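Engineer: Can you look at this prediction? I've put the sequence above it.
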Amino acid sequence: MRLDELKSRADAFLGEAMQRGADEAEVGANYHVVDRIVFEKNDFQLASSNTTLTFSLEVHKDQRKGSASTNETKGIALGQSADAAMTLAGFSLPDEHLCFPEAQKHEDVPGRFDDELENLSPDKLRGIAADFLAAGRHESISIDGAELQVARAKEVIVNSNGLVAKDQATLLNWVISGMGKTESEVTSFDWFGGTSWKWDGSRERSLADAGVFKEKLLRCFGPQKGQSYEGKVLLAPAVLGELIFGPMQFHISGRQIMDGKSRWENDLGKHVASDCLTLLDDPFDLDLSSAAPYDAEGVAKRKTSIIEKGLLKTHLDSTYTAKRRGTVSTGHAGGLKGISVAPGDSSVEDLIAGTDKLVVVERFSGNLNPVTGDFSGVAKGSHWYEKGEYKHPLIETMIAGNFFDLMKSIVAVSSRADHYMNEYKSPWMLVDGVSVTAS
Amino acid sequence: MRTLLEEIVRGQAGWVELRYHRRRQNDFSVQKGRVDVANAQTIGGVGVRVLEDGSFGFASSVEADRASIQKAVERARANAREVSKLQSKKVGVLPIVEFAKGDFVLDGYEELESKPLDEKLQAVIDMEKETVGKAGDIHTVMSSYREIFEEKAVVTSDGASASQKLVRPELRLNAFAEKDGDHNVGSNSLGVTGGWNCLFDHPTAQGIIEKTAKQAIDLLGAPHIPGGQATVILEPSLVGLLAHEAIGHTVEADFVLSGSVAAGKIGKRVGSDLVTLCDSGHSEYAGNAGGEMPFDDEGIPVQNTVVIENGILKSYLHNRESAAEFGVAPTGNGRAWLYKDEPLIRMRNTYLRPGTTPLEEMIASTREGYLIVGAGSGQADATGEFMFGSSYAVEIKNGKLGRKLREATISGVAFDVLQTVDAVSTEFRWDLGSGYCGKWQPAKVDAGGPYVRCRLTLGGRQ
């Protein structure tokens, strides 16, 4: 399906809603063609193809909201979905702040669509899948699962204010998971993966990622129990999504501020983190799979400074939360996607060298309550250092602490910054005040 | 639809499975007196799986007409041929097994379908309002409701032909409280396979309001739990989480074949005599578990599979392919989330059988330990090492319950922990009916059990 055809169908659906008496409405239309090859039980198991077309609609009628979505698009089905949205709006509660964004222009983000991926042949997908698996294999590794997937996406957003947002992208995605396994030992589980917008270079990148997966697991053999203490730990980029970026996003969200759940409502311009931390939202970084020209309601994205040397620079708003809070949208309907943390001056090795005793946390399997900030969980695949020297991998080691304390206890960030699974870009973080429990 | 699928299958060469699935889902969410979500979703289509050249191929069609399904069959065949070029161990002919036949409609489907939407939304609005009013320290409440109407038909070229309709409603209530700069959240949820009245049968709507509000304010100012090894009594939601995450996944036959900790342990002791663990498509001991169904997505009637009996590992969980490989009957665990997903080995309702010790007696006979309450999120490795969050812990000293402590995270290695089980309560409940399991694709599951006393590691402060 061409983008223009998708736009015409979205316009028709919008028309159905307006004909039914909506005061304003917004339609999202998505067309996805996905092919994948699946590896399980130490062998290739399945190839699959799916083509999906989905439409979603939100209507506002007398300041009341209703919405519907469907993949049934023939005959009267879209009309029935419009009826359902209008019916739900009739039952809803009035909200004077309901709104959709105004018409606006979007800057293109070039480099996210590749003809070769759009027309990728099954044998090429098969070939890269075979090479990817071969790069992750090792006699001491049991591969639990792996998947190569090519997705071709076309998307349109239109609303009754005249907003039109159109986008198309191609993305190759790879992931591999498993554990180290010999006759006498099984390591903890881990995974790694990545994405590429284009075919060129994807083979090399996927093979490198399979290599990272393999090396991480091979380092985990021969684990021993560590020591209980309260002090410094070094957090790998893999654990920062859960321990730092998730709760941070919660407390800068306009919606959470609106609902009284944020602890940073009145902290703009104040220190919420140590001055080691500088973090921005870069929606145009093509090394991130979230790179996009606009947010979930069609508002143009832009580079945004979030935290600068520990100072909170902004809250994040959609059109609706901005109207409620008397501010303007920052283009963050759908959340913060392009997290990029500025690197520091010291290498990872130097950060380790300056410590007395240290757990290097490579994976966190645990819970963090974003409201209280308390976290606790197992430091998986982690390693023990004493006086800067490597000792051994760890087993059954738990870490606990509080997000707000952690932010202010960042001692240093590394000069090396990784695009972790193409989800965010971050250096390693040395933090203090964490409780370590060795069972 | 089943008739059309049968006609299409009749003309096919080789093994073909056609699965029609239409889901209607309504979602409401209310917060601070405002309706954040009032959404109706419909998604449907036909998933096609074929076995050709010793490999499975899958494709799907949004359109459920003859021509579109036939095209999907051809795409699935091409995919099978493609993967066959990579697959070293080919899949043999699937053995003929007992298939589901006929049309099934589970209790509650018609009741919930006929209940007006505005009444359901009003109930969600009322629950939010009433919970906020329970205590001055509660500043925000989020009340949300979801109902999932499932309509499926499965037809295979080797004899399955059945359809089912069932509905799964869920309710979630979160209360956010603050006092003197200290914050806390009370969270509870319900989920069943059944109708509206069944959802609020036990606990009642009033009961869940009271429980959520109390949980939010009771823990304000509560201290953190200390870390280390401890004797604990796990409540049914945590026993369910343990049964599902830490043991259930390791006995899924695809994980076993990948090298999970359960591989090679059939017939061996993995728990104390008091431990009997099952995974069932039905609802034993209490009704309307959230993962109930008459047959799985391969058309196999569901079983109550005894995985561990009196501490001995007895069975893995199977789909048709793995059952053939292990030379056993399939257990009805082949499940797919949507029409466009292929069936995988998934759990249904996973539980520990109740024992003979009343909870009161278990507490009274515990000299020092904790009662751990409310399942948070959980993760476990194929090694059986697990980590689960909980809502809170209650100190036990000399057989008496004491102060509440916040956010205990529990951890251990599943089969080691099961060996330490020394008391299992008579009380039983399903407690994770609002839960979803994630394994490449989601699945609606339930889990539960009795109260269980054991030893494990608590993640807390030094």
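Structural biologist: The structure has been received and is ready for your questions.

Engineer: Please count neighbours and contacts with C-alpha atoms only from this point.
Structural biologist: OK.

Engineer: domain parsing for the chain?
Structural biologist: Answering for chain A, as no chain was given. Per the record's domain assignment (automatic domain parsing), chain A is made up of the domains A:3-218, A:225-439.

Engineer: right idea, wrong chain: chain B
Structural biologist: Split into domains by automatic domain parsing, chain B comes to B:2-218, B:228-292+B:303-314+B:348-459.

Engineer: Can you say which of the ones you listed is packed in most?
Structural biologist: domain B:228-292+B:303-314+B:348-459 (a mean of 22; mean count of other CA atoms under 10 Å in any protein chain shown).

Engineer: List the residues that contact A:N50.
Structural biologist: A:H32, A:V33, A:V34, A:D35, B:A59, B:S60, B:S61, B:K340 (CA atoms under 8 Å, 6 or more residues apart in numbering or on different chains).

Engineer: Enumerate every residue touching A:E230.
Structural biologist: Counted by CA under 8 Å, 6+ apart, A:E230 has contacts A:G433, A:V434, A:S435, A:V436, B:Q462.

Engineer: Among the residues you listed, which pair sits farthest apart?
Structural biologist: A:G433 and B:Q462 (10.2 Å; CA to CA).

Engineer: what about the helices in the stretch 1-150 of chain B?
Structural biologist: Remark: helices assigned in the stretch 1-150 of chain B by DSSP state H, counting those that start in this stretch are B:2-10, B:66-84, B:109-114, B:117-132.

Engineer: Does the shortest one pack against any helices or strands, and if so which?
Structural biologist: Packed against helix B:109-114 by the contact rule (3 or more CA pairs under 8 Å, 6 or more residues apart in numbering or on different chains; DSSP states H and E) you find strand B:161-179.

Engineer: quick one: the strand it packs on to chain centroid distance?
Structural biologist: Mean-position distance between strand B:161-179 and its chain equals 12 Å (CA atoms, centre = their mean, to the nearest Å).

Engineer: picking up where we left off before, present the domains of chain B as JSON lines; the columns should include mean pLDDT and distance to A:E107.
Structural biologist: JSON lines is the format used below for these (pLDDT from 0 to 100; distance: least, CA to CA, whole Å):
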{"stretch": "domain B:2-218", "mean pLDDT": "95", "distance to A:E107": "30"}
{"stretch": "domain B:228-292+B:303-314+B:348-459", "mean pLDDT": "94", "distance to A:E107": "34"}
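
Engineer: Nearest residue to A:F39 in space, please, no chain neighbours.
Structural biologist: A:A146 (4.9 Å; CA to CA, 6 or more residues apart in numbering or on different chains).

Engineer: so B:A414 sits right up against B:A382, yeah?
Structural biologist: No: with contact defined as CA atoms under 8 Å, B:A414 does not reach B:A382; the gap is 10.3 Å.

Engineer: would you list every one of the strands in the stretch 301-439 of chain A?
Structural biologist: For the stretch 301-439 of chain A, the strands defined by DSSP state E, counting those that start in this stretch occupy A:304-308, A:311-312, A:339-341, A:357-361, A:363-368, A:374-380, A:383-386, A:389-393, A:397-402, A:410-420, A:424-438.

Engineer: Dump these to JSON lines, plus distance to chain B, mean pLDDT and mean neighbour count.
Structural biologist: Converted to JSON lines, the strands of the stretch 301-439 of chain A look like this (distance: least, CA to the nearest CA, whole Å; pLDDT from 0 to 100; neighbours: other CA atoms under 10 Å in any protein chain shown):
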{"stretch": "strand A:304-308", "distance to chain B": "24", "mean pLDDT": "97", "mean neighbour count": "20"}
{"stretch": "strand A:311-312", "distance to chain B": "20", "mean pLDDT": "98", "mean neighbour count": "20"}
{"stretch": "strand A:339-341", "distance to chain B": "25", "mean pLDDT": "97", "mean neighbour count": "23"}
{"stretch": "strand A:357-361", "distance to chain B": "15", "mean pLDDT": "96", "mean neighbour count": "23"}
{"stretch": "strand A:363-368", "distance to chain B": "6", "mean pLDDT": "90", "mean neighbour count": "24"}
{"stretch": "strand A:374-380", "distance to chain B": "6", "mean pLDDT": "90", "mean neighbour count": "27"}
{"stretch": "strand A:383-386", "distance to chain B": "17", "mean pLDDT": "97", "mean neighbour count": "20"}
{"stretch": "strand A:389-393", "distance to chain B": "16", "mean pLDDT": "96", "mean neighbour count": "17"}
{"stretch": "strand A:397-402", "distance to chain B": "6", "mean pLDDT": "92", "mean neighbour count": "25"}
{"stretch": "strand A:410-420", "distance to chain B": "19", "mean pLDDT": "96", "mean neighbour count": "20"}
{"stretch": "strand A:424-438", "distance to chain B": "6", "mean pLDDT": "95", "mean neighbour count": "24"}
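
Engineer: Let's have those in CSV, adding distance to B:V73.
Structural biologist: Output for those, formatted as CSV (distance: least, CA to CA, whole Å):
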stretch, distance to B:V73
strand A:304-308, 48
strand A:311-312, 55
strand A:339-341, 42
strand A:357-361, 47
strand A:363-368, 41
strand A:374-380, 43
strand A:383-386, 50
strand A:389-393, 49
strand A:397-402, 50
strand A:410-420, 38
strand A:424-438, 39
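
Engineer: Now distance to B:V256 too, for the domains of chain A, in TSV please.
Structural biologist: Below are the domains of chain A laid out as TSV (distance: least, CA to CA, whole Å):
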stretch	distance to B:V256
domain A:3-218	8
domain A:225-439	21
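
Engineer: Between the ones you listed, which one is closest to B:G11.
Structural biologist: Of all the domains of chain A, domain A:3-218 comes closest under CA to CA, at 22.1 Å.

Engineer: That closest one spans what distance, first to last residue?
Structural biologist: 46 Å (CA to CA, to the nearest Å).

Engineer: give the contact list for A:T355.
Structural biologist: A:K232, A:E386, A:K387, A:G388.

Engineer: actually B:R367, not the one I typed
Structural biologist: When contacts are counted by CA under 8 Å, 6+ apart, B:R367 touches B:I396, B:K397, B:N398, B:G399.

Engineer: what about A:D287, which SS state?
Structural biologist: Three-state assignment for A:D287 (DSSP: H, G, I helix; E, B strand; the rest coil): coil.

Engineer: hang on, it packs against A:H419?
Structural biologist: Yes: counting by CA under 8 Å, A:H419 is a contact partner of A:D287 at 6.9 Å.

Engineer: If anything else comes up later, I'll come back, but that's it for now.
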